[in-house]
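Peer 1: Predicted structure and sequence below. I'll ask about it afterward.
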Amino acid sequence: MTPGTKPPQTPDAPEKAWRIPVLLMLFVLCLLPELVLSGADWGLWGTARWRMQALQLAGFWAGLLGNWRPAYALQPGTMFLTYGFLHAGAVHFAVNMVTLFSLGPDLVGRFGQRWFLLLYALSILGGAIGFALLSSQVLPMVGASGALFGLAGAHVGLHARERRQSHDTLVPVAKAVAGLVALNLVLWWAMNGQLAWETHLGGFVTGWIAAVVIDRRLGPV
């Protein structure tokens, strides 16, 4: 452990991640809309049109930053946040939530819940900005992956900072970045190009920068 770094306070067991209030709150905020929409998809209530209507109201539509007419006045602004709590289906939701509970605990232990929530919110915003700047998609973008790649960026950024402080090689950091790039390429291929890699990139860069700034602000413990 190098001077000025803080040991992560990881939960004693993986299942305790479910007891971390901020992670549980984020999980519930994603779970509730997915339960409603999945129930409608399966014919338990409502209609199958509910998911498309939710996408229209809460998804990120790049065209709304141009000349598209919003469904409500604040939509071009609120979509920078709401997209991160809506998913394309149950599988999309499940994969993202497993990732949240894998990447979140160490960062909550290091920063505390309030700073972690700020990191998560900034990563959502950064993911949306990345999509807005780089994507030409006319389809809506949804999902927590922008924020989750922000958490991945935070882990990588903190690791890079620690290795620089101890004058260690940054090769492991480069390998981690290369692995994430490879993952996106594989997913992009598997999904026939329907992957919001722009959101992942924006979230990753934002999470890296935000985590390093927060870490410097908090200082050694």
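Peer 2: Nice, I can see it. Numbers count the residues shown, from 1 in each chain.
Peer 1: hey, let's count contacts and neighbours off CA atoms from now on
Peer 2: Noted.
Peer 1: Low-confidence stretches in this structure?
Peer 2: Across the chain, the stretches falling below the confidence threshold (pLDDT under 70) are 1-15, 220-221.
Peer 1: Just the buried residues of the host helix or strand of A152, please?
Peer 2: Secondary-structure assignment from DSSP states H and E places A152 in helix 145-165. Neighbour-count burial for helix 145-165, with 16 or more other C-alpha atoms under 10 Å as criterion, is recorded at 145-163.
Peer 1: what residues does stretch 177-190 touch?
Peer 2: When contacts are defined by C-alpha atoms under 8 Å, 6 or more residues apart in numbering, stretch 177-190 is touched by residues 156, 194-195, 197.
Peer 1: The helix holding A152 - contacts with which helices or strands?
Peer 2: Here helix 145-165 touches helix 90-111, helix 113-134, helix 171-190, helix 197-218, going by 3 or more C-alpha pairs under 8 Å, 6 or more residues apart in numbering; DSSP states H and E.
Peer 1: export these to JSON lines and tack on distance to L35 and mean neighbour count?
Peer 2: Rendered in JSON lines, the data for the helices and strands packed on helix 145-165 read as follows (distance: least, C-alpha to C-alpha, whole Å; neighbours: other C-alpha atoms under 10 Å):
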{"stretch": "helix 90-111", "distance to L35": "8", "mean neighbour count": "18"}
{"stretch": "helix 113-134", "distance to L35": "21", "mean neighbour count": "22"}
{"stretch": "helix 171-190", "distance to L35": "25", "mean neighbour count": "14"}
{"stretch": "helix 197-218", "distance to L35": "24", "mean neighbour count": "22"}
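Peer 1: Would you format those as CSV with distance to L32 included?
Peer 2: Output for these, formatted as CSV (distance: least, C-alpha to C-alpha, whole Å):
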stretch, distance to L32
helix 90-111, 11
helix 113-134, 18
helix 171-190, 26
helix 197-218, 23
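Peer 1: Which of those sits closest to V22?
Peer 2: Closest of the helices and strands packed on helix 145-165 to V22 is helix 113-134, at 6.0 Å (criterion: C-alpha to C-alpha).
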